[in-house]
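Asks: pasting a predicted model and its sequence here:
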Amino acid sequence: MDTPSGKRSIVYVVFPSLFVFGIFVNARSFLLQDISNSFSISYTESGLLFFIGLLDIGITNLIAGRIMAKKGMRYLFTIGLLLSGFFILMQATSTSYFMFLAFIPFIGFGIRSKVMGANSLVTRAFRDDGGARLNVMHICYGAGALIAPLFASVLVKNGLSWRTIYTIIAVLFLLLLLYKPFYAVRETEKSTVVRIKDVTAMLKNRQVLWLSITIMVIVGFEIGITSWLVYTLKKAFNFSVWQAGFYMSGFFLFMILGRLFGLRMARKNKLASMLLPFAVIQIFLHGAGILLLPASAFLFSLCGFTVSIFFPTLTYMLNDASGNKYPAAITLFMIGAGLGASVFPFLVGVVSDLVSIRWGMTVNIASSILLVLTLVKLRTVISSPGNETEHD
């Protein structure tokens, strides 16, 4: 796997998969109002489109961890890619809101498996500069997310529906399966099968626990913004499709710039020290953005820079914290990420129905404050002696 040909195959398949994943996540958010109008649903029901993925998160992450341990990282990634493409295609054919909902857990399992496999492959194949390579991989995600609003808005302007756009994205996922050299990648490491008790045992590793909590909060913030920003600007402030898409693309443009910055900091081993300052800045950007709308929409775009370094940095820190128990640790870590991606956007929808969609976006301020608190705790845990197995 860490041979030149193995690394090349990983770069040719895994990195583009993150690019397509970025297109899907942001196009889905961009099209949320169209999907909601198609099924005539409320804000809370729209939020449920994210929350429903939570229902199977524990079991699917455990299954993904067991697949990775038994069959390998490449196998898990391939299964995830196949499931993602197939069930996104099934969503495109949904004839009702409940049918659309029914496919979400399968897409969630596919996406979680793909991302878990991708992070694991890159971390283990590029041991000497894993942090930098993870940043490059997530730059690919940001690039896909950056072009998604333009991609979707051009197609919508030309009369294509969200169903057609979903079909195109599904085909892009499935095309990556055709690169045959990727299947020749050999993994030299064998991991033990991940069991429920292995994952729960990771709760005793305070570094792994707090890294998992931290990723839950930052992913919740990121998806909370990207899922609802276009909908908020169009619905509450009458922004056009192009205007709303511009600010959403801006978020991911700044995310790419942030990851380029992170790439530089990773080579200087300074990334971890940047997390807390970025989280504090994030509170003020999002808070001012909500208070001063519609003139302040660009502040939401700037949040992309502050979000950018968290996922690759925390993933690389997890590799160091877990040692030879990485499969169990990454399973817990991805459960945390999935919880954040499901719960926080759903809460935005609930508050939007109870008060207004503008107030719904304040959920993201709460998650930013919570992020600062978790980072302070994480810093304490990392700096304290004997933190690997100590209980709180």
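Replies: Happy to help now that I have it. Numbering: from 1, shown residues only.

Asks: which SS class is V194?
Replies: Local secondary structure at V194 is given as coil here, using DSSP: H, G, I helix; E, B strand; the rest coil.

Asks: not counting sequence-adjacent ones, nearest residue to it?
Replies: The shortest distance from V194 to any residue other than its chain neighbours is 3.6 Å, reached at G65 (C-beta to C-beta, 6 or more residues apart in numbering). All C-beta atoms are positioned from the backbone trio N, CA, C, and that covers glycine.

Asks: distance of the one you found from A329?
Replies: To A329, G65 is 9 Å away according to C-beta to C-beta, to the nearest Å.

Asks: repeat for V241
Replies: Look at V241 and A329: by C-beta to C-beta, they are 42 Å apart.

Asks: looking at those two, which one has more neighbours?
Replies: Counted by other C-beta atoms under 10 Å, V241 and A329 do not tie: A329 has more neighbours, with 27 against 19.

Asks: that one against N205, yeah?
Replies: Yes - counting by C-beta atoms under 8 Å, N205 is a contact partner of A329 at 7.3 Å.

Asks: common neighbours of the two, please.
Replies: A321, S322 (C-beta atoms under 8 Å, 6 or more residues apart in numbering).

Asks: the residue nearest to V194: which element?
Replies: Assessed by DSSP states H and E, G65 sits inside helix 57-71.

Asks: list the buried residues in the host helix or strand of L172.
Replies: L172 belongs to helix 162-175 when assigned by DSSP H and E. Of all the residues in helix 162-175, those buried under the rule 16 or more other C-beta atoms under 10 Å are W162, I165, Y166, T167, I168, I169, A170, L172, F173, L174.

Asks: contacts only, for the second one.
Replies: Counting by C-beta under 8 Å, 6+ apart, I165 makes contact with A27, L31, F151, A152, L155, V156.

Asks: ok now the helix holding L172, how far from the chain's centre?
Replies: Centroid separation between helix 162-175 and its chain, computed with C-alpha atoms, centre = their mean, to the nearest Å, is 19 Å.

Asks: skip ahead from that helix and say which helix or strand is next.
Replies: helix 196-201.

Asks: name the helices or strands packed onto that following helix?
Replies: When contacts are defined as 3 or more C-beta pairs under 8 Å, 6 or more residues apart in numbering; DSSP states H and E, helix 196-201 packs onto helix 57-71, helix 326-354.

Asks: would you format these as a markdown table with mean pLDDT and distance to V376 included?
Replies: As requested, these are exported to a markdown table (pLDDT from 0 to 100; distance: least, C-beta to C-beta, whole Å):
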| stretch | mean pLDDT | distance to V376 |
| --- | --- | --- |
| helix 57-71 | 76 | 26 |
| helix 326-354 | 88 | 17 |
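
Asks: deepest-packed of those, please.
Replies: Highest mean neighbour count of those: helix 326-354, a mean of 25 (counted as mean count of other C-beta atoms under 10 Å).

Asks: what is the helix or strand just after that helix packed up against?
Replies: Note on helix 326-354: by DSSP H and E, the next helix or strand toward the C-terminus is helix 357-360. On a contact count with 3+ C-beta pairs under 8 Å, 6+ apart, helix 357-360 meets helix 206-237, helix 326-354.

Asks: helices or strands next to the last one in the packing?
Replies: Of the remaining helices and strands, those touching helix 326-354 by 3+ C-beta pairs under 8 Å, 6+ apart are helix 43-51, helix 57-71, helix 97-125, helix 196-201, helix 206-237, helix 310-322, helix 357-360, helix 363-383.

Asks: and of those helices, who's closest to S296?
Replies: Closest of the helices and strands packed on helix 326-354 to S296 is helix 206-237, at 10.8 Å (criterion: C-beta to C-beta).

Asks: report the rounded mean pLDDT for that closest one.
Replies: Mean pLDDT, computed over helix 206-237, is 90.

Asks: buried set for it?
Replies: Residues 206-236 are the ones in helix 206-237 that count as buried (16+ other C-beta under 10 Å).

Asks: on that earlier part again, and the helices and strands packed on helix 196-201: which comes nearest S308?
Replies: Ranking these by proximity to S308 (C-beta to C-beta) places helix 326-354 first, at 15.5 Å.

Asks: for the closest one, the distance to its chain's centre please.
Replies: In terms of C-alpha atoms, centre = their mean, the centre of helix 326-354 is set 10 Å apart from its chain centre.
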